[in-house]
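**Student:** Kindly return the folded structure for what I paste below:
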Amino acid sequence: MNTGDAELLTEPDLEDWKSCHTADLAHVAALALPHHGSAKNSGDPLQALCPIASLLAHARGRRRLCHLCDLPKGCATIPVEGGTFALPLADIIDVDEEKARLEKTLGKLQKEIGVLNGRLKNPNFAVNAPEEVVEEAKPNLAAREDEAAKLTEALNRLAEIG
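**Tutor:** Next comes the predicted model:
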């Protein structure tokens, strides 16, 4: 969560900010403090509002208080200029349900990949099928393989959670 330019050092300012973000604070895994606001935003009261936050980023002096390897396992990470945001998925999604959904989708994709591979490797397909059908099958296969790789990566990340 990015605090922006908010001055959060005093209790009234911190309470105003908290009232706007109460629903999200329990899920914040990263606090991003811009370089021009770090001195005003850093402090134990702000950190206490986000109990599972494992990254409190201070841009002052380009100092990091946490490295990506220190994030909780199973976090979705989003790289942005100047840092990385992390979202602890185990607290937000039903991991077993998501694994089952991804495995089902991956199974369907693998069948489609098998069919497309079979067509493209069959010499009769290239001879008998219209040229545009053959040419369409190649990028379709590449897209399905790319999607399957992404789903496999997602399943591997979920396996880290449990």
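
**Student:** element containing R157, please.
**Tutor:** Here R157 sits within helix 131-161, counting by DSSP states H and E.

**Student:** tell me the mean pLDDT over that helix?
**Tutor:** What helix 131-161 shows for mean pLDDT is 90.

**Student:** residues of that helix that come out buried?
**Tutor:** 137, 141, 144-145, 148, 151, 154, 158, 161 (16 or more other CB atoms under 10 Å). Just so you know, the C-beta spots here come from the backbone N, C-alpha and C atoms, and that holds for glycine as well.

**Student:** Determine the set of other helices and strands touching it.
**Tutor:** Applying 3 or more CB pairs under 8 Å, 6 or more residues apart in numbering; DSSP states H and E, one finds that helix 131-161 contacts helix 95-121.

**Student:** okay, now the domains of this protein?
**Tutor:** With automatic domain parsing as the criterion, the domains of the chain are listed as 11-91, 95-161.

**Student:** End to end on the longest one, go ahead and measure it.
**Tutor:** By that I understand domain 11-91. 28 Å (CA to CA, to the nearest Å).

**Student:** swap in the last one?
**Tutor:** Taking CA to CA, the first and last residues of domain 95-161 lie 8 Å apart.
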